[in-house]
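Asks: coords please:
(one chain, ligands or ions: 2)
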Amino acid sequence: MSGIHRRDVLLATAGFTAAALAASNPAEAGDPSFMNNVPDPALSGNELPTFKFALDKSEGKVVGNSFGKEATVTQLPISKGIAGVSMRLEPGVMRELHWHATAAEWAFVLDGRVRTTVIDPQGRAETNDFEVGDVWYFPRGHGHMLQCLGDKPCHFILIFDNGYFSEFGTFSITDWMGHAPKPLLAKAFGMPEGAFDAFPKEEVYFARGPLPPEDAAAPLQGWKLPPETHKYRLLAQAPHGVYPGGREWRVDSGRFPISKTITGVVLDLEPGALRELHWHPNADEWQYVIDGQINVTLFGSHGRFRAETLDKGDVGYIPQGYGHSIENVGDTPARILIGLNAGIYEAIDLSQWIAGNPADVLATNFGQPAELFGKFPERDVFLSDGKGPG
Ligand code: MN
Ligand code: MN
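Replies: Ligands and ions are numbered 1, 2, ... in the order given. Reported below is the predicted structural model:
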């Protein structure tokens, strides 16, 4: 099938007419980026689909007191661009050596301490220890492991830059070696076949051992570090923005160069505070409520507007370019973890957009007297407390 025919099929499926095709200035035939211009069937109905999933209340994969619970397109169909996992590891438990064929991994530590190792295609390896508020990023396909450090459990949130990615479909080292013939392994490692007799035959996923040493031991090859670290201490920094009613920490590839495909945000909102209406031109947004209760609104053009209330442990999802807002509707402070699938943070706030236009334009647009807009903020509000911007 030629690229032209493929495009016609796609547009016919999406309900486009030939006139719309001519007007839509489609990308060159065969350019996969053209797919991004085709309306997503999950988003092209008369009403917006739900964008909420109760992640921590879901069942997931449980082994002893360790668990992995995931939100992919299976659990939350709207979330095509980002998947997420809530994972808890008991002391002595390791999420075994593995890689992800189709996604990079970004993480935020909620509780306890975690040790990771990661290797890059140049054979350079890094071992890092993480505490609450720390972040890691592993590029797509780079091999890594996650291990509870110390004698208390750890809990962290993982974000993947692909909503179709399942944490339970990773490439694990035991799964691979357990299914490779022993003569093949013996030849590859220069070891006797018998050395592999007692290796696991199936994927281990959560491996269990003694508590790891407090001081990480050197790799077998010795220390051979990559030029860019995989660790960023997000909450150890001063907040990057402080406002009446809240504050924000943000990290993208500007501060954390290896994080080329994910931006992370921690947003604190006092009761009644509002992260104002805005959109992200370049990224989908994945939300996880660390604490508190929030109301998230979503605007999807053609009069489509939907609100969801998210509680602690719930996930929300905002497609790229869709308008949204976050309001603390509980009576305690709220903390929200946000992941965006772009390495450079971009947002346009509604107050900023209005402030960027002259009063006569706004008067004509809204059919209101120009004087009214003299009372609107002359700047980006971003975040306001329960009383609104002063
Ligand atoms: Mn992983
Ligand atoms: Mn946002």
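Asks: any idea which element the closest residue to Gly241 other than its chain neighbours lies in?
Replies: Nearest residue to Gly241 in three dimensions, chain neighbours excluded: Glu248, at 4.4 Å (Cβ to Cβ, 6 or more residues apart in numbering). C-betas here are computed from N, CA, C, even on glycine. In this structure, Glu248 sits in strand 246-251 according to DSSP states H and E.
Asks: what's the answer for Ile354, then?
Replies: Taking DSSP H and E as the criterion, Ile354 maps to helix 350-355.
Asks: helices or strands up against that helix?
Replies: Under the contact definition 3 or more Cβ pairs under 8 Å, 6 or more residues apart in numbering; DSSP states H and E, helix 350-355 sits against strand 274-279.
Asks: list the buried residues of the strand it packs on.
Replies: By 16 or more other Cβ atoms under 10 Å, the buried positions in strand 274-279 come out as 274-279.
Asks: thought the residue nearest to Gly241 was touching Ala238?
Replies: No. Using Cβ atoms under 8 Å, Glu248 is not in contact with Ala238; the gap is 11.2 Å.
Asks: now do the helices in this structure.
Replies: Along the chain, counting by DSSP state H, helices occupy 3-13, 18-23, 173-179, 182-189, 350-355, 359-366.
Asks: one step back: distance of the residue nearest to Gly241 from Ser301?
Replies: Distance of Glu248 to Ser301, computed by Cβ to Cβ, to the nearest Å: 27 Å.
Asks: which one of the two has more residues nearby?
Replies: A count of neighbours by other Cβ atoms under 10 Å puts Glu248 above the other of Glu248 and Ser301, at 19 against 11.
Asks: residues contacting the more buried one?
Replies: Contact analysis of Glu248 by Cβ atoms under 8 Å, 6 or more residues apart in numbering lists 239-241, 265-268, 383.
Asks: next, the distance between the ends of stretch 113-127.
Replies: 13 Å (Cα to Cα, to the nearest Å).
Asks: next, count neighbours for the closest residue to Ile258 other than its chain neighbours.
Replies: Take Ile258 and drop its neighbours on the chain: the residue closest to it by Cβ to Cβ, 6+ apart is Glu228, 4.2 Å away. For Glu228, the number of neighbouring residues by other Cβ under 10 Å comes to 16.
Asks: check Arg379 too.
Replies: If you count neighbours by other Cβ under 10 Å, Arg379 ends up with 12.
Asks: and what of Gln368?
Replies: Using other Cβ under 10 Å: Gln368 sits among 12 other residues.
Asks: which ones are touching it?
Replies: Gln368 makes contacts with Leu362, as judged by Cβ under 8 Å, 6+ apart.
Asks: TSV for the buried residues of strand 274-279, including pLDDT and distance to Trp286?
Replies: Formatted as TSV, the buried residues of strand 274-279 follow (pLDDT from 0 to 100; distance: Cβ to Cβ, whole Å):
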residue	pLDDT	distance to Trp286
Leu274	98	20
Arg275	98	15
Glu276	98	19
Leu277	98	19
His278	98	16
Trp279	98	15
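Asks: could you dump those into JSON lines and include distance to Gly313?
Replies: Below are those laid out as JSON lines (distance: Cβ to Cβ, whole Å):
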{"residue": "Leu274", "distance to Gly313": "22"}
{"residue": "Arg275", "distance to Gly313": "19"}
{"residue": "Glu276", "distance to Gly313": "25"}
{"residue": "Leu277", "distance to Gly313": "25"}
{"residue": "His278", "distance to Gly313": "25"}
{"residue": "Trp279", "distance to Gly313": "26"}
